[in-house]
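In: I need the structure of the sequence given here:
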Amino acid sequence: MLRRIANELGKHAPFTTFGAVTGVIIMAIIVFGNVLPQ
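Out: Just a heads-up that it's a prediction; the model follows:
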């Protein structure tokens, strides 16, 4: 069972990493670009 979980996590790692990086970039644009009204 643990081997299957590790296998599935390994398959999904690139997508998880891509999502995290995308989220950080979007947050940086919002914070440093003053997108939200003060």
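In: Going by secondary structure, residue 34 is in what exactly?
Out: Using DSSP states H and E, residue 34 sits within no helix or strand.
In: Against residue 28, how distant is it?
Out: As judged by C-beta to C-beta, to the nearest Å, residue 34 and residue 28 stand 12 Å apart. No exception for glycine: its C-beta is placed from N, CA and C like everyone else's.
In: what do you get for residue 21?
Out: Counting by C-beta to C-beta, the gap from residue 21 to residue 28 is 11 Å.
In: where does the protein dip in pLDDT?
Out: 38 (pLDDT under 70).
In: Strands of the chain, start to end?
Out: Counting by DSSP state E, the chain forms no strands at all.
In: That one: helices as residue ranges?
Out: For the chain, the helices defined by DSSP state H cover 2-32.
In: Geometric centre of the chain: which residue is closest?
Out: Central residue of the chain (C-alpha atoms, centre = their mean): residue 20, 1.2 Å from the mean position.
In: Just give me the neighbour total for residue 33.
Out: By the criterion of other C-beta atoms under 10 Å, residue 33 has 8 neighbours.
In: Kindly apply the preceding question to residue 27 instead.
Out: 10.
In: Then residue 36?
Out: With other C-beta under 10 Å as criterion, residue 36 counts 7.
In: Please verify my assumption that it contacts residue 29.
Out: No - applying C-beta atoms under 8 Å, one finds residue 36 not in contact with residue 29, separated by 10.9 Å.
In: So for those two, which residues contact both of them?
Out: Common contacts of residue 36 and residue 29 (C-beta atoms under 8 Å, 6 or more residues apart in numbering): none found.
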